[in-house]
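> after the sequence you'll find the predicted model.
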Amino acid sequence: MRGRIALRAAAAASWASQKAGRGKGSMIGGLIALKIDPTIMEQLGRDRRTVLITGTNGKSTTTRMTTAALSTLGQVATQADGANMDAGIVAALSAHPGVALAAIEVDELHLPHVSDALNPAGVVLLNLSRDQLDRVGEINMIERRLRAGLARHPETVVVANCDDVLVTSIAYDHPNVVWVAAGSGWAVDATSCPRSGEPILWEGEHWYSTGTDFQRPQPDWWLEGTDLVGPGGDRHHLELALPGRANRGNAAQAVAASVALGADAAKAVAAAGTVREIAGRYRTVQVGKHSARLLLAKNPAGWQEALSMIEPTAAGLVIAVNGQVPDGEDLSWLWDVRFEHFEGVQVVASGERATDLAVRLTYAGVEHTTVANPLRAIASCPPGRVEVLANYTAFRDLNRDLENHG
């Protein structure tokens, strides 16, 4: 009874929020539902086969790909807006009553208790690296917390990236793991073994700890050129609409998770390849004489991956950085990102913290100009294609300004 009251109150709050022009109202609805009945997430998870997707980077993209792949089996409940904490998850599940499948993005700090509430059929572990230290904390502490949380769910299928040392440690002792060689372009946070503290040594793709028998597992799924290879050597051509090596790894894990829940591999691969845009990311917009492609990055590993997607023939590169609470107010991570390789591209430092970024670019030897307003920064570039790379609130605000700009 309390659960039904909670959901009715949530629906009323969402409706009121929409009528007042304050957005879709899903978050306020979820918050109210949890306040009235703290067990509402558990109730909404009953009779569903749910896949939870988590990691420092790539959650929204992989969730969208997993949703597409699972849709080959039937309707799938998921978040449309990437709200990956409790209120957003409750809102997503309550918006899809009676839907038996769910693909849910989860903030890595929330994964243990969300897993306890939803008892997922599958968990996808993408990667783990330093994020916002003022919110998330030290990465080895997160690894231990996630490892302990998964230990409470031995029946859950864990789809884990065996190229990421910290993710492998989380899943290493789990009895039900599908290993995917999804790649890892960032090893700075895993130079030592999370279990023994001894160095991690790399030999080509293989890695191992010098202090224990902890080492890279043999993958069940891996990428070979343009193909995704699965159990038994089954090979599928993987053609994606999204750019970058990291997105190929995201697709591989989405397919592996969907197949673990019963999807046909060929259909899942084709469906994952149809994903083109995630909440405005990767889209191209016309801004005057400029064709601007929008990329989002939120931490050192994500920035390094996004920078690798920059088209070297672009007329300009706008890098927009804010330092608001959702971004993390400590921008010392800028010094962990390699900005040194932009010869021939006009670089513009932008955002509320453009000056901090300009100092970093100066030390990197990158010639640049500084234009704090991202729209004006785009306009300052030569006509043609402009790559725009922004962190969280800079990306959000730029999308809002583009809508107002018309």
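Sure thing, it's come through.
> could you use CA atoms for every contact and neighbour count after this?
Fine.
> can you name the residues that contact Gly316?
345-348, 378, 381-382, 385-387 (CA atoms under 8 Å, 6 or more residues apart in numbering).
> which one of the residues you listed is nearest to Asp163?
Here the nearest of the contacts of Gly316 to Asp163, counting by CA to CA, is Glu387; it sits at 28.8 Å.
> ok, that closest one - contacts?
292-295, 310-311, 314, 316-318.
> as a check, name the ranges of all helices in the stretch 151-300 of the chain.
Taking DSSP state H, counting those that start in this stretch as the criterion, the stretch 151-300 of the chain carries its helices at 165-171, 245-260, 265-272, 300-308.
> can you check which of these gets nearest to Thr61?
helix 245-260 (7.3 Å).
> just to revisit the earlier point, tabulate the helices of the stretch 151-300 of the chain (CSV), appending distance to Thr369, mean pLDDT and mean neighbour count.
Shown next, in CSV, are these (distance: least, CA to CA, whole Å; pLDDT from 0 to 100; neighbours: other CA atoms under 10 Å):
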stretch, distance to Thr369, mean pLDDT, mean neighbour count
helix 165-171, 38, 96, 25
helix 245-260, 29, 96, 25
helix 265-272, 39, 97, 22
helix 300-308, 18, 87, 21
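> Gln215 is nearest to which of those?
For Gln215, the closest of the helices of the stretch 151-300 of the chain is helix 165-171, at 8.4 Å, according to CA to CA.
> export the closest one as CSV, just CAs?
Extracted in CSV, the C-alpha atoms of helix 165-171 (Å, rounded to 0.1, in the frame of the first residue of the first chain):
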residue,chain,number,x,y,z
VAL,A,165,43.3,-3.9,-13.6
LEU,A,166,40.9,-2.5,-11.0
VAL,A,167,37.8,-3.9,-12.7
THR,A,168,39.5,-7.3,-12.9
SER,A,169,40.2,-7.1,-9.2
ILE,A,170,36.6,-6.4,-8.4
ALA,A,171,35.4,-9.4,-10.4
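> helices or strands up against that helix?
On a contact count with 3 or more CA pairs under 8 Å, 6 or more residues apart in numbering; DSSP states H and E, helix 165-171 meets helix 139-151, strand 157-161.
> now distance to Ala181 and mean pLDDT too, for these, in TSV please.
Output for these, formatted as TSV (distance: least, CA to CA, whole Å; pLDDT from 0 to 100):
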stretch	distance to Ala181	mean pLDDT
helix 139-151	19	93
strand 157-161	6	98
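> these: which one's closest to Glu329?
Closest of those to Glu329 is helix 139-151, at 17.9 Å (criterion: CA to CA).
> next one: the residue nearest to Ala260 when sequence neighbours are not counted from Val255, what distance?
Distances taken as CA to CA, 6 or more residues apart in numbering place Val157 nearest to Ala260, at 7.4 Å, with adjacent residues excluded. Relative to Val255, Val157 is positioned 13 Å away (CA to CA, to the nearest Å).
> ranges for the strands of the stretch 201-350 of the chain?
Using DSSP state E, counting those that start in this stretch, the strands of the stretch 201-350 of the chain run over residues 206-209, 221-224, 227-229, 235-237, 284-287, 290-296, 316-320, 346-350.
> and these, which is most packed in?
The highest mean neighbour count among those, using mean count of other CA atoms under 10 Å, belongs to strand 316-320: a mean of 28.
> could you give the angle of it to helix 300-308?
160 degrees (axes from the mean of the first three to the mean of the last three CA atoms, to 10 degrees).
> how does the protein divide up, domain by domain?
The chain breaks down by the TED database into domains covering 38-274, 284-404.
> how long is the last one end to end?
What it means is domain 284-404. Length of domain 284-404, first residue to last, CA to CA: 16 Å.
> how far off centre is it?
Distance, stretch centre to chain centre, for domain 284-404: 19 Å (CA atoms, centre = their mean, to the nearest Å).
> cool, stretch 200-216 as well?
Chain-centre distance of stretch 200-216: 26 Å, with CA atoms, centre = their mean.
> mind listing what's buried in that stretch?
Buried positions in stretch 200-216, judged by neighbour count with 16 or more other CA atoms under 10 Å: 200, 207-210, 214-216.
> farthest-separated two in those?
Thr210 and Arg216, at 12.4 Å, using CA to CA across these.
> circling back to that earlier point, export the strands of the stretch 201-350 of the chain to a markdown table and append columns for distance to Val178.
Output for the strands of the stretch 201-350 of the chain, formatted as a markdown table (distance: least, CA to CA, whole Å):
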| stretch | distance to Val178 |
| --- | --- |
| strand 206-209 | 17 |
| strand 221-224 | 8 |
| strand 227-229 | 13 |
| strand 235-237 | 17 |
| strand 284-287 | 35 |
| strand 290-296 | 29 |
| strand 316-320 | 37 |
| strand 346-350 | 42 |
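> please name the nearest non-neighbouring residue to Thr67.
Leaving aside its sequence neighbours, Thr67 sits nearest to Ala103 (CA to CA, 6+ apart; 5.7 Å).
> give the helix, strand or coil label for the one you found.
Counting by DSSP: H, G, I helix; E, B strand; the rest coil, the backbone at Ala103 sits in strand.
> counting neighbours, what do you get for it?
The tally of other residues near Ala103 (other CA atoms under 10 Å) stands at 31.
> what bridges to it?
In this entry, Ala103 is beta-bridged to Val51, by DSSP bridges.
> could you shift the numbering so residue one becomes 28, and keep it that way?
Sounds good: first residue 28 from here, last item Ala130.
> report the contact partners of it.
Listed by CA under 8 Å, 6+ apart, the contact set of Ala130 reads 77-80, 90, 93-94, 103-105.
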